[in-house]
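K.L.:
One predicted model, sequence on top.
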Amino acid sequence: MSTRATGTFEVQMAPQETAATIGRMSLDKQFHGDLQATGKGEMLAVQGGVQGSAGYVALEQVTGTLHGRTGTFYLQHTGTMDRGAPSLSITVVPDTGTGELVGLTGRLNIIIEGGKHAYEFDYTLPGTS
């Protein structure tokens, strides 16, 4: 049975140098709500030859407290934009949970409304109901 964590977050992205036509950005997030944490990561992105087409991948280390349990875990992002139609998958990298988050699995959904970011994080964690 999974549990849902919800809240908001802010993200700051900074361009990084790369030797290819692939864009590279650093990620710096602050999660609020059921997940009180910071996220630090790296993103690679490429834009297609048609307006509205692009793709990105990212890895993000999340450190903080999830519904009162403290630890660290990694998220893997895979996103595409097909002529303006978005597709995004963000999952917990298996066996990356530490501390009280050992065994964490799940998927995170990002919601952007009115320029604000929010999340829904459906997860399972041994020892929770």
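P.N.:
In hand now; what should we look at? Residues are numbered from 1 along each chain as shown.

K.L.:
Low-confidence stretches in the protein?
P.N.:
Within the chain, the stretches with pLDDT under 70 are 18-20, 129.

K.L.:
So which residues of it form strands?
P.N.:
Secondary structure of the chain (DSSP state E): strands located at 3-16, 23-31, 35-47, 54-66, 69-82, 85-92, 105-113, 116-124.

K.L.:
for the ones you listed, which one sits closest to G99?
P.N.:
strand 69-82 (3.1 Å; CB to CB). Using the backbone N, CA and C atoms, a C-beta is placed for each residue, glycine as well.

K.L.:
what angle separates the closest one from strand 85-92?
P.N.:
For strand 69-82 against strand 85-92, the angle by axes from the mean of the first three to the mean of the last three CA atoms, to 10 degrees is 160 degrees.

K.L.:
Pull strand 69-82 out as PDB, backbone CA atoms only.
P.N.:
This file holds the C-alpha atoms of strand 69-82, laid out as PDB (Å, rounded to 0.1, in the frame of the first residue of the first chain):
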ATOM      1  CA  ARG A  69      11.300  10.000   8.700                       C
ATOM      2  CA  THR A  70      14.800  11.300   8.000                       C
ATOM      3  CA  GLY A  71      17.300  10.300   5.400                       C
ATOM      4  CA  THR A  72      18.400  10.700   1.800                       C
ATOM      5  CA  PHE A  73      17.300   9.200  -1.500                       C
ATOM      6  CA  TYR A  74      17.800   9.800  -5.300                       C
ATOM      7  CA  LEU A  75      15.200  10.700  -7.900                       C
ATOM      8  CA  GLN A  76      15.700   9.900 -11.600                       C
ATOM      9  CA  HIS A  77      13.900  12.200 -14.100                       C
ATOM     10  CA  THR A  78      13.100  11.400 -17.700                       C
ATOM     11  CA  GLY A  79      11.100  14.000 -19.600                       C
ATOM     12  CA  THR A  80      10.200  14.600 -23.200                       C
ATOM     13  CA  MET A  81       8.200  17.300 -25.000                       C
ATOM     14  CA  ASP A  82       6.700  16.100 -28.300                       C
END
